[in-house]
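In: Model the structure of this input:
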Amino acid sequence: MQFSLGGLLLLTSVVAAAVATLLAWPRWGAIIGPALLMVTLVLTLVSFFFRRRRFGLVVFGVSSSMFVATCLLYLSFGPAAWAHARFLSPKIALPASSWTKSNEFCADAFNHIYQPIATNAIFTPEPIRSFAMSYVAWWMPNGTEFCDWGDGIGWHRNPVTYTVIHY
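Out: Below is the predicted model of the structure:
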């Protein structure tokens, strides 16, 4: 197996960009996510016409993969909200011994990943916003009421109301 300096530099820069994005996600994810969607979509469309060349094929593969991965991240908000509402929301109603460290970690991970996505869902233009709210509401488990407050979203499951984000 042979390595090139250019390939190593490219791999290092991709890993550094991925780590920087993960670290900046909780604070800047509401800007990073839509920007990533737009940039990867444009790169995918432009590189589609240059995919017969080696560099164009690499750019097309990377950009289309990043576009699909970002779309899947946004689409995963529904199933993650379902899992959170189903398994993690009744935090206050449970005895202290049943709320374990792993549940607390899962709730923190949910907030870390999905609060920027919820921010994007709240502040998008109305057709996209209504679709996003309908999508998340569709995922709510039985006995859970999805709440759209206009400037925030969450759900109510007796006896707890959980707010994903509220401005």
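
In: For this structure, which segments count as strands?
Out: For the chain, the strands defined by DSSP state E occupy 145-148, 152-157, 160-166.

In: Worst mean pLDDT among the ones you listed?
Out: If you rank those by mean pLDDT, strand 160-166 sits at the bottom with a mean of 82.

In: any idea how far it is from the chain center?
Out: Averaging C-alpha positions (C-alpha atoms, centre = their mean, to the nearest Å) puts strand 160-166 17 Å from its chain's average.

In: What pairs with it, parallel or antiparallel?
Out: Each strand paired with strand 160-166, and its direction, by DSSP bridges: strand 152-157 (antiparallel).

In: Can you give the distance from the strand it pairs with to the centre of its chain?
Out: Centre-to-centre, strand 152-157 and its host chain are 18 Å apart (C-alpha atoms, centre = their mean).

In: in that strand, what's buried?
Out: For strand 152-157, a neighbour-count test (16 or more other C-beta atoms under 10 Å) marks Ile153, Gly154, Trp155, His156, Arg157 as buried. Glycine gets a C-beta too; all of them are placed from N, C-alpha and C.

In: Which of these sits closest to Phe49?
Out: Distance ranking of the buried residues of strand 152-157 against Phe49, using C-beta to C-beta, places Ile153 first at 39.6 Å.
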